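>>> Following is a predicted model, sequence given first.
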Amino acid sequence: MIWMRCGQPINGSMPERPDMNTLLVLPILIPFSTGLVALFFWRQPRLQGAISVGGCVALLISSLFLFASVWQGGIQAVTMGDWPAPFGIALVADVFASMMVVLAGITGLAVAVYALANIDAQRRAFGYHTFFHILLMGVCGAFLTGDVFNLYVWFEVMLIASFVLLALGGVASQLEGAVKYVTLNLISSAFFLAAAGILYGTVGTLNMADASLRLQTLQNPWVSNLLAMLFLVAFGIKAAIFPLFFWLPASYHTPPVAVSAVFAGLLTKVGVYALVRVFTLMFTSDVGFTHAVILVLAGTTMISGVFGAMVQKDFRRILSFHIVSQIGYMIMGLGMFTPLALAGSVFYIAHHILVKTNLFLVSGVVHRLRGTFELSSLGGLYRSAPLLSVVFLIPALSLAGIPPLSGFWAKFVLVQAGINAGGYTIVAVALVGGILTLFSMTKIWGEAFWKKEESGGGPEPPGVEVWTAGERVAYYVPIIVLAALTVSIGLTVAPLMDVALRAAAQLADPAAYVAAVLAGRP
Amino acid sequence: MELVFALVIGGLYAAGIYMILRRSIVKLIIGLALLSQAANLLIFAVGRPGRGTPPIVAKDATTLLPPFSDPLPQALILTAIVISFAVTAFALILIKRAYQEVGTDDLDAMRTTDQRQHAGTP
Amino acid sequence: MRSVILSAATRLLLPLILLLSLFLLLRGHNEAGGGFVGGLVAAAGFVLHGIAHGIEASRRVLLVEPRILLGTGLLVAVVSGLLPLLSRKPFLTGLWIPGDVAVIGGLGTPMLFDVGVYLVVLGVVTMVVDTLAEE
């Protein structure tokens, strides 16, 4: 039955426009159904893996259809249960949201394939595949929802799934990391819940479009600013912005790579997405205050993340601190709040999801080859695994912003927007951050790939048995495909730039969004 | 009435934050539970509680007769309670496992993941 | 910690508790009650049985593994949401079979959804208690 539904938009799209109701719900339904089906087959790991990959393919296809339909037909909205907005819970897809769903589909597919080899039998038996898909459902739900409280629910779905994935396997370091992760995220949830409650008490609605209209009519701007700051703290913890980021580098390097890659690629971006959504749609009445705060936080986040990474010696901990630093770039565009700057943010988010997932996946292959993430005990990979070295170098240089890779264009647009808006300080901070990122990436390159391998030191590392063909495919295909995507975005920058510009235009002028959601209002 | 609510909510937040700042993980979980209770009560308080009829249109009427009470805050709180129930259950299992694996309930002792020399899992 | 009084009383109480949980589930649509409360009450019954007779025995009384209960419940809930899509209504629209059924009242997709919630809650709570009770 589930597969019948997944197949429907493909068959149904030929004669008529695919049904919007179904298309908007599918990115939530497909992962949910996949996770459920996988739950029932926990005794057959091979079948479970096939279901997991199949579900991700279906998710990617449906998200592409959603994107195409939004690209052609403008912002799409549907309310759950046939209740008219603003009473029913609305699902809304604009260009930004549907682009994020597509990226979730790509990341999900890459990680699902990778997980076939990376996740051990014990973790699979405890439900890795199920919780992975529940996580994807939460992510897609958070992207598509148009209701503040529903966003809270999706955040919690995502969090519960991520809690389990993080702790799955029960290694001591994982549990320690999970305690920190759980604590900070629960505090953030408490903030979010309180903010949603106060929002309802103030404007009497939780529908974002409706709230956007009503917040503009508030007499006292400080009520709106107070709410904005509450949301900033709540989403700021989830997005890991300064000074609330320390849970991230304490936990992201502990679980298996197939878990931390999807966390690094997608999870923190949901926080950024929520910030962008809320601060372009709802809290725009006092930009001089709210967005100035965001801009200052963006600068400090960039610098503190990059300095944190400099002293690290562990492959994944360096990458974790760089997530923090890159989050700063993403909200820098939001803080400047011009259409070009927003386009820069959107482009940066898209680029970063692909690149960061890829880097984490590469770190997993390195670990598979050498049995460690410690840079000091790595070395010589350039000689022994030249292909891997190239695949590492592409996302690493892209992250640092070397032309002509995707990261260069992302930074270029942000810097251009900053100069246009006269924000020279933030531009200087962003450029310094870029140079320091390059420093960290060259450190990994030098230590893990370039330097000569230490010989005769210590016992033979574990896990260096012969690779099976299937394992090689599962490890290498995702990282090569993601690297190819990074290169092609860099070389033909126009398509993604078009998407980013259009997404930013819709974000900068929420009237169309509001109209689409409240179309059926009496 | 509002003053009572304000005091209770403030007290819950204070107690929750105090518990979070303690070193024992059990107290940490209690603190987190208190925080979510405080947030629930906050939603209830900002929803302008008061006496009113259920917001159901009578069979022979077309509109609601005031005073009727707003059901949404209660629905939100109910959802939040269900979620915090699940999360707290998970957190309990997590700290139990963490206690067994790490052998301590002292958060200050749980800092190996922040230290530099650390071999992660595959 | 075996108590004769508790185990004898539980033998009588468990059916009553389960009956009460079903009652709560069925009256849930228009009155106080519903799948969540019903599921919690049922789970409380099994937990009580577990305290009186040990977790092993209560697992046997439950007949099905909690994991399967959880999965089935979610499946039922999703199906209740999907049914309206067949008639081109948005996801989760409430559809009712016309006419009333004796004892239960109206039959429709919200009812089905509640049954799903009941099973999920029962599965989750027994799973959590099992995990916590393991030594």
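All right, it came through fine. Residues are numbered from 1 along each chain as shown, chains lettered A, B, ... in the order given.

>>> In a strand, A:L91, correct?
Yes. A:L91: assigned to a strand according to DSSP: H, G, I helix; E, B strand; the rest coil.

>>> Next up, the contacts around it.
By C-beta atoms under 8 Å, 6 or more residues apart in numbering or on different chains, the residues touching A:L91 are A:L24, A:V25, A:I28, A:A77, A:V78, A:T79, A:M80, A:L144, A:T145, A:G146. Just so you know, the C-beta spots here come from the backbone N, C-alpha and C atoms, and that holds for glycine as well.

>>> Of the residues you listed, which belong to helices?
A:L24, A:V25, A:I28, A:L144 (DSSP state H).

>>> can I get the residues you listed in a markdown table with distance to chain C, neighbour count and pLDDT?
Converted to a markdown table, those look like this (distance: C-beta to the nearest C-beta, whole Å; neighbours: other C-beta atoms under 10 Å in any protein chain shown; pLDDT from 0 to 100):
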| residue | distance to chain C | neighbour count | pLDDT |
| --- | --- | --- | --- |
| A:L24 | 8 | 28 | 88 |
| A:V25 | 4 | 24 | 88 |
| A:I28 | 9 | 25 | 92 |
| A:L144 | 12 | 27 | 95 |
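
>>> Assign a three-state SS to the residue lying farthest from the centre of chain C, would you?
What lies farthest from the middle of chain C is C:R88; by C-alpha atoms, centre = their mean that is 29.9 Å. Judged by three-state DSSP, the three-state class of C:R88 is coil.

>>> now it: how far from A:L66?
According to C-beta to C-beta, to the nearest Å, C:R88 stands 18 Å off from A:L66.

>>> What parts of chain B come near chain C?
B:V82, B:A86, B:A89, B:L92, B:I93, B:K96 (C-beta under 8 Å from any C-beta of the partner chain).

>>> Which residue comes closest to the fifth one once chain neighbours are left out?
So that's B:I93. Counting by C-beta to C-beta, 6 or more residues apart in numbering or on different chains, C:T131 is the residue found nearest to B:I93 once chain neighbours are left out, at 5.4 Å.

>>> hang on, the earlier thing: among the ones in helices among the contacts of A:L91, find me the one that's closest to A:G108.
Nearest to A:G108 among the ones in helices among the contacts of A:L91, counting by C-beta to C-beta, is A:I28 at 13.0 Å.

>>> need the contact list for the closest one.
Counting by C-beta under 8 Å, 6+ apart, A:I28 has contacts A:L91, A:M137, A:C140, A:G141, A:L144.

>>> now swap in A:V415 and tell me
Shown in contact with A:V415 (C-beta under 8 Å, 6+ apart): A:V427, A:A430, A:L431.

>>> So it, which state does it fall into?
helix.

>>> Could you tell me the model confidence score at the residue of chain B found nearest chain A?
Across chain B, no residue is closer to chain A than B:V46, which sits at 2.8 Å (C-beta to the nearest C-beta). pLDDT for B:V46: 86.

>>> Also the one 10 residues further on?
Model confidence at B:I56, expressed as pLDDT, equals 75.

>>> ranges for the helices of chain C?
Going by DSSP H, chain C shows helices at C:4-27, C:35-53, C:55-62, C:66-86, C:109-133.

>>> May I have the second one as CSV, with CA atoms only?
These are the backbone C-alpha positions of helix C:35-53, laid out as CSV (Å, rounded to 0.1, in the frame of the first residue of the first chain):
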residue,chain,number,x,y,z
GLY,C,35,-6.5,6.6,22.9
PHE,C,36,-3.7,8.1,24.9
VAL,C,37,-5.4,7.8,28.3
GLY,C,38,-6.8,4.4,27.5
GLY,C,39,-3.3,3.2,26.4
LEU,C,40,-1.8,4.6,29.6
VAL,C,41,-4.4,2.8,31.7
ALA,C,42,-3.9,-0.5,29.9
ALA,C,43,-0.1,-0.1,30.3
ALA,C,44,-0.5,0.6,34.0
GLY,C,45,-2.4,-2.6,34.3
PHE,C,46,0.4,-4.6,32.7
VAL,C,47,3.0,-2.8,34.8
LEU,C,48,1.0,-3.7,37.9
HIS,C,49,1.0,-7.3,36.7
GLY,C,50,4.7,-7.0,36.2
ILE,C,51,5.2,-5.7,39.8
ALA,C,52,3.1,-8.6,41.2
HIS,C,53,4.3,-11.5,39.1
